[in-house]
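Enquirer: Prediction below, plus the sequence it came from.
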Amino acid sequence: MKAALLQITSSDDPVANLAMVKAMVAEAAANGAGFVLTPEVTNCLSSSRARQTEVLQSQEDDLTLAGLRAQAAELGIWLLIGSLGLKTGDADGRFANRSFLINPAGDIAAWYDKIHMFDVDVDERETYRESDGYRPGDRAVVAETPFGKVGLTICYDVRFPYLHRSLAQAGATILTGPAAFSPVTGQAHWEPLLRARAIETGCYVLAPAQTGTHPRTTGKERRTHGHAMAIAPWGEVLLDMGAQPGIGYVDLDPAAVDAARKRVPALRHDRDYSLSQ
Ligand SMILES: O=C(O)CNC(=O)[C@H](CS)NC(=O)CCC(=O)C(=O)O
């Protein structure tokens, strides 16, 4: 299976973002990709709650979801929409940060709400309070596909090895980690985190990414790290897209998963680590 990772610079305009992504998905499919992955908050990257409230929709009404489902069906491809910001109807007005796996019939094969919220003070100038705007999910998700079981994660989730371990123990051979990583933590941690998750689990790790300085109509400037990456089950970096937007391709070979796990069967050597009191 040939997978294509998108690296994009989403603005806070869902209509413009959808047009850009559809053109890239069409190009990826034309180049033979059967599985295309987009980054976190594909539909709208914004630091303004007011702007998000204005432009985000519910899952039922979201034009990015509808547009990409139709395109997946038209092209007959699998599509991971890394995530969409969606209205939830919660009284506090918080959104869901939700990833969708779309099958070649255009159906939602699986969806996952980001579990770990990025509530972090990176330094004096950069602080994030994701849980102000988004409500966390509470369930891990593995989805069956003809090219293997896919475990869904989003961005900051990459720092939680037990989530990835659980997905692998549940049968996942491919882990998706769409991101909008911060430039400071990206520089320090992004690649080693992704490689560690791949090595520990013997899974492919596919991480499409937001990159650059995000155009906005309002709110404060947001910049992201880029470096969309694909990591092999043995830990090699198969793809590093640097800072520029574009499409990166990687071949997924189930035999590479088996080979890595045969060489180091750490998954099978897992023990119960509960501390005795
Ligand atoms: O809020 C949005 O618009 C989209 N979501 C994000 O950008 C999220 C929450 S702020 N970013 C991360 O999780 C970065 C994690 C990260 O950088 C790290 O773990 O170091």
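Expert: Thanks, I have it.
Enquirer: Show me which residues of stretch 153-171 are buried.
Expert: Neighbour counts over stretch 153-171 (16 or more other C-beta atoms under 10 Å) mark Thr153, Ile154, Cys155, Tyr156, Asp157, Val158, Arg159, Leu163, His164, Arg165, Leu167, Ala168 as buried. To be clear about C-beta, it is placed using only N, CA and C from the backbone, and glycine gets the same treatment.
Enquirer: now, which of the residues you listed lie within helices?
Expert: Taking DSSP state H, the ones among the buried residues of stretch 153-171 that sit in helices are Leu163, His164, Arg165, Leu167, Ala168.
Enquirer: Hmm, Ile174 and the last one touching each other?
Expert: No. Under the contact definition of C-beta atoms under 8 Å, Ala168 does not touch Ile174, with a separation of 10.1 Å.
Enquirer: Need the overlap of contacts for those two.
Expert: Both Ala168 and Ile174 are in contact with Gly151, Cys203, where contact means C-beta atoms under 8 Å, 6 or more residues apart in numbering.
Enquirer: that older thread, distance to the ligand and pLDDT for the ones in helices among the buried residues of stretch 153-171 - can I get that in a markdown table?
Expert: Listed next are those as a markdown table, based on distance: C-beta to the nearest ligand atom, whole Å; pLDDT from 0 to 100:
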| residue | distance to the ligand | pLDDT |
| --- | --- | --- |
| Leu163 | 13 | 98 |
| His164 | 14 | 98 |
| Arg165 | 18 | 98 |
| Leu167 | 18 | 98 |
| Ala168 | 20 | 98 |
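Enquirer: of all those residues, which comes closest to Ile108?
Expert: Nearest to Ile108 among those is Leu167, at 18.7 Å by C-beta to C-beta.
Enquirer: Give me the phi and psi for the residue in the stretch 1-150 of the chain that the ligand sits nearest to.
Expert: Per C-beta to the nearest ligand atom, Phe118 is where the stretch 1-150 of the chain lies closest to the ligand, at 3.5 Å. The phi and psi values for Phe118, taken as degrees, to the nearest 10, are phi -80, psi 80.
Enquirer: And for Gln71?
Expert: Main-chain dihedrals, Gln71, degrees, to the nearest 10: phi -70, psi -40.
Enquirer: my read: it touches Ala23, true?
Expert: No. The criterion here is C-beta under 8 Å, and Gln71 misses it with Ala23 at 10.3 Å.
Enquirer: Between the two, which has more neighbouring residues?
Expert: Gln71 (20 against 10; other C-beta atoms under 10 Å).
Enquirer: Tell me the predicted confidence for that one.
Expert: We note a pLDDT of 98 for Gln71 in this prediction.
Enquirer: Now for Gln59, how many residues are close by?
Expert: Gln59, neighbours per other C-beta under 10 Å, totals 17.
Enquirer: mind listing what the residue nearest to it when sequence neighbours are not counted touches?
Expert: Nearest non-adjacent residue to Gln59, counting by C-beta to C-beta, 6 or more residues apart in numbering: Leu86, 5.2 Å away. Taking C-beta under 8 Å, 6+ apart, we find Leu86 in contact with Leu56, Gln57, Ser58, Gln59, Asp62, Phe95, Ala96, Arg98.
Enquirer: I'd guessed the third one sits against Lys87; true?
Expert: What it means is Ser58. Yes. With contacts counted by C-beta under 8 Å, Ser58 reaches Lys87, the gap being 4.6 Å.
Enquirer: And the closest residue to Ala207 other than its chain neighbours, how close does it get to the ligand?
Expert: Excluding its sequence neighbours, the residue lying closest to Ala207 (C-beta to C-beta, 6+ apart) is Gly177, at 4.3 Å. Taking C-beta to the nearest ligand atom, to the nearest Å as the measure, Gly177 falls 10 Å from the ligand.
Enquirer: give me every residue that touches Gly177.
Expert: Gly177 touches Thr153, Ile154, Cys155, Asp157, Val158, Leu194, Arg197, Val205, Leu206, Ala207, counting by C-beta under 8 Å, 6+ apart.
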